[in-house]
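Engineer: all I have is the shape, not the residue letters:
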């Protein structure tokens, strides 16, 4: 009986080559997957930075409402514990109440006084969010106001005009709100300027939900929005302004800093007030990225993407963002007017480090007022007396633009 011949054994080198090929393919696949994940993370972060948020989450739970006692019990966090007076938005932004002092705090519950309910049914609220506005318009603050429109490069933008207490002598303040909010954020500053005899123009700008959209519908972090502020300066001059103080909150601070260093009629600006400002976007984006546990390499590549003439389109923007030009610590030499800077070291959103750095770079013109527990853009809410006394004192020391400067501004406007 014949036997079948045995198959020749596979050479070891062949088996090793196959194993090596399998490993190589596996490694290559892992590298490709990792690269794709990295690229996706970079684009996601870049898009998040420049895309306006149309709805904010209700991140505070309502644990109880006592209409007889006039109190509201909320879940405890850094914002609900803060002393002061605040907005409480509920029902996905459709309801609004004004909250006063903390009545009691125990464990994970905070009880606050309810000053007023402006809209909505607070008794039916199950969640909401704390905001710093308090007032939704100058009328809520007891101020006379006129609704006006400013012609900006993207179209007519609504604004509030708040006349000075005793008529105007030509001194104006232009208030510029921050990212993801509206001009209502700026109302808190209007009373102190009103009492100082200064007219306030509280403006909207592209992509904020009140003003028209830009062509791409994306933020430029101040690198384009400043032209809307320049338009407001022109409007103010055409309506009697002879000098201007620019005031900005958060991203509005970055926008104001660009206006005061780039606008054609920046000679009309006699001073700048900044509240919780973005002075350097790289510092802010790194801080926020770290807080959200975004890897450092993703943070850095996302910032490069935003600056790239070609790759920036992946973020949805039509043009790159010049982060170097937006760094006012490095560009501090361009500042030529007094700056009052208010920032809390526990900001939690825009770190105060760049504000400290700007004050150190220009101690000749920058006055830094440091707070410790006021959080982000809530300095007036936390300590209105200090907020207003500091601004009032600073205003008293400001120079005033000459009539010649004002006439020059009007000629520039006409041209």
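Structural biologist: That came through, no problem. No experiment lies behind these values; they were computed from the predicted model shown.
Engineer: name the SS class of residue 161, please.
Structural biologist: Three-state secondary structure (criterion: DSSP: H, G, I helix; E, B strand; the rest coil) places residue 161 in strand.
Engineer: now the helices for the stretch 301-415 of the chain?
Structural biologist: In the stretch 301-415 of the chain, helices defined by DSSP state H, counting those that start in this stretch lie at 353-361, 379-382, 384-396, 403-414, listed in chain order.
Engineer: what are the buried residues along stretch 263-281?
Structural biologist: Using 16 or more other Cβ atoms under 10 Å as the burial criterion, the residues of stretch 263-281 that qualify are 263, 265-281. The way it works is simple: take the backbone N, C-alpha and C, and place the C-beta from them, glycine included.
Engineer: now, which of these lie within strands?
Structural biologist: Judged by DSSP state E, the buried residues of stretch 263-281 include 269, 270, 271, 272, 273, 274, 275 as members of strands.
Engineer: which one of those residues is nearest residue 329?
Structural biologist: Taking Cβ to Cβ as the measure, residue 274 is the one of these closest to residue 329, at 12.9 Å.
Engineer: return the distance of stretch 133-147 from the chain's centre.
Structural biologist: A distance of 21 Å separates the centroid of the chain from that of stretch 133-147, by Cα atoms, centre = their mean, to the nearest Å.
Engineer: what about that stretch, start to end distance?
Structural biologist: In terms of Cα to Cα, to the nearest Å, the two terminal residues of stretch 133-147 are separated by 19 Å.
Engineer: neighbours around residue 112, how many?
Structural biologist: Counted with other Cβ atoms under 10 Å, the burial measure for residue 112 works out to 25 neighbours.
Engineer: excluding its backbone neighbours, what's nearest it?
Structural biologist: The shortest distance from residue 112 to any residue that is not its chain neighbour, by Cβ to Cβ, 6 or more residues apart in numbering, is 4.7 Å, and that residue is residue 99.
Engineer: can you classify that neighbour by secondary structure?
Structural biologist: strand.
Engineer: quick check: bridge partners of it?
Structural biologist: Listed beta-bridge partners, residue 99: residue 86, residue 114 (assigned using DSSP bridges).
Engineer: I figured it hits residue 84, correct?
Structural biologist: No - counting by Cβ atoms under 8 Å, residue 84 is not a contact partner of residue 99; they are 9.0 Å apart.
Engineer: who has more neighbours, those two?
Structural biologist: Taking other Cβ under 10 Å, residue 99 and residue 84 do not tie; residue 99 has more neighbours (25 against 19).
Engineer: buried ones in the host helix or strand of residue 148?
Structural biologist: Under the assignment given by DSSP states H and E, the secondary-structure element containing residue 148 is strand 146-152. Of the residues in strand 146-152, those buried under the neighbour-count criterion (16+ other Cβ under 10 Å) are 148, 150, 152.
Engineer: same question for stretch 43-57.
Structural biologist: In terms of neighbour count (16+ other Cβ under 10 Å), stretch 43-57 has its buried residues at 43, 45, 46, 47, 49, 50.
Engineer: OK, contacts around the fourth one?
Structural biologist: Residues touching residue 47, when contacts are defined by Cβ atoms under 8 Å, 6 or more residues apart in numbering, comprise 314, 315, 316.
Engineer: that one falls within a helix, correct?
Structural biologist: Yes - assignment of residue 47 by three-state DSSP places it within a helix.
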